[in-house]
Each structure stands twice: as C-alpha cells, then as structure tokens.
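Engineer: Structure for this input, please:
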Amino acid sequence: MAGDRKRALGMFVVMIGVLLAAVDGTIVVLALPAIQAGLGVSLPAVSWVVVGYLLVVTVLATQLGRLGDLFGRVRMYRAGFAVFLAGSALCALVWAPAAIIGFRLVQGLGAALIAANSGAIIAELYPPAERGRAYGFNALGYSAGSPTGSARCSRRPPGWGSRSSRCCSSPG
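Structural biologist: Residues are numbered from 1 along each chain as shown. Below you'll find the model as predicted:
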C-alpha cells in the first residue's frame with residue numbers, strides 16, 4: 001500500500017512538472033502583441049520569447065537526461081523545477097527585450113530538465129508491465145498543458161499592460 005501511494009504521488013508530481021512545462025510553451029503566444037508594445041520591439045524580435053523557450057527545450061531535453069544518470073533523476077527534476085520557477089519570476093521583472101528572451105531561455109532550461117528526467121522517474125517508479133499506462137498519464141499532462149497555456153493567458157482583463165502579459169508566464 002505504501003508503495004502504491006509513493007508511485008501515485010510520484011506520478012502526480014511528474015505530471016505537474018510536465019503540465020507546467022507544456023503550459024509555458026504556449027502561454028505567452030496571445031500576449032506577444034502586448035509584450036511587443038510594452039517593450040517597443042518588432043514582432044520578429046518578440047517572437048523569440050516563444051521560439052527561444054521551445055528551442056532550448058527541444059535541443060536540451062535529450063541531452064540533460066545524462067545529468068539525471070550522473071547526479072540522480074529526482075535531484076535533477078527538482079533542479080529543473082527550481083530553474084523553471086526562477087526563470088518565471090525573472091520574466092515578471094524584465095526591463096528590456098533581451099532580458100525577457102534570456103529569462104525565457106532560463107525557463108526552457110528548467111523545462112528541459114523536467115522533461116529529460118520525468119520519463120526516467122516513471123521507469124523507476126513502475127514495473128515494466130505498468131509503465132505504458134504511466135507514460136500515457138504523463139503524455140496526458142503534456143497534452144493538457146499546451147492548450148491550457150493559451151487559454152489561461154487569453155483571460156487577462158483588458159487594459160493590463162505588458163508586465164502582466166509577462167506574468168502570464170509565471171505558474172499559478
């Protein structure tokens with residue numbers, strides 16, 4: 001019974017991390033015009049707020065799994081959460097276009113650590129016969145996160161400035 005609780009809690013935590021990483025991939029898309037106006041940059045320049053995050057996650061997710069092998073998957077997963085949350089908090093404090101792009105890259109690094117280690121954590125928690133369903137739940141977290149990001153940021157009240165648009169990127 002204790003083993004089942006540990007697995008369920010582990011799965012919940014992994015799903016939350018994957019959900020947050022997926023939400024953050026799309027959450028600022030609808031806020032780009034407000035961010036563009038608030039920072040006074042061109043649309044191609046502000047698009048790096050989204051592209052940079054997704055590029056870092058895509059390139060590093062497969063590479064950062066090795067850190068989990070070397071230093072522990074749970075430790076690297078937690079580090080991913082810490083880096084991700086730090087990047088989220090910093091996004092609300094930006095003062096220049098390069099700053100928000102840089103802080104989104106930090107978020108992407110955290111999301112890549114989360115993505116790289118979530119599957120390995122599931123493999124440690126579940127025996128081979130039960131992993132398929134566990135990976136399915138993990139995929140559900142990711143699949144729910146992508147549309148949730150855009151929907152969450154689209155509900156900002158009219159008149160909120162670009163700083164609130166950047167805060168859309170912060171979880172919670």
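
Engineer: Now do the host helix or strand of Glu124, average pLDDT.
Structural biologist: Assigned by DSSP states H and E, Glu124 falls within helix 97-125. Averaged across helix 97-125, pLDDT comes to 93.

Engineer: Okay, buried residues for that helix please.
Structural biologist: For helix 97-125, burial by neighbour count (16 or more other CB atoms under 10 Å) applies to 97, 100-122, 125. Every C-beta, even on glycine, is put in place using the N, C-alpha and C of the backbone.

Engineer: and it, what does it pack onto?
Structural biologist: helix 2-26, helix 32-39, helix 48-60, helix 65-71, helix 73-91, helix 128-154 (3 or more CB pairs under 8 Å, 6 or more residues apart in numbering; DSSP states H and E).

Engineer: cutoff 10 Å now
Structural biologist: helix 2-26, helix 32-39, helix 43-46, helix 48-60, helix 65-71, helix 73-91, helix 128-154, helix 162-167 (3 or more CB pairs under 10 Å, 6 or more residues apart in numbering; DSSP states H and E).

Engineer: what residues does the fifth one touch?
Structural biologist: Meaning helix 65-71. 73-77, 79-80, 112-113, 115-121 (CB atoms under 10 Å, 6 or more residues apart in numbering).

Engineer: now, among these, which is nearest to Met11?
Structural biologist: When the contacts of helix 65-71 are compared for distance to Met11 (CB to CB), Ile121 wins out at 8.8 Å.

Engineer: Of the contacts of helix 65-71, just say which sits nearest to Ser88.
Structural biologist: Out of the contacts of helix 65-71, the member with the shortest distance to Ser88 (by CB to CB) is Gly80, at 12.4 Å.
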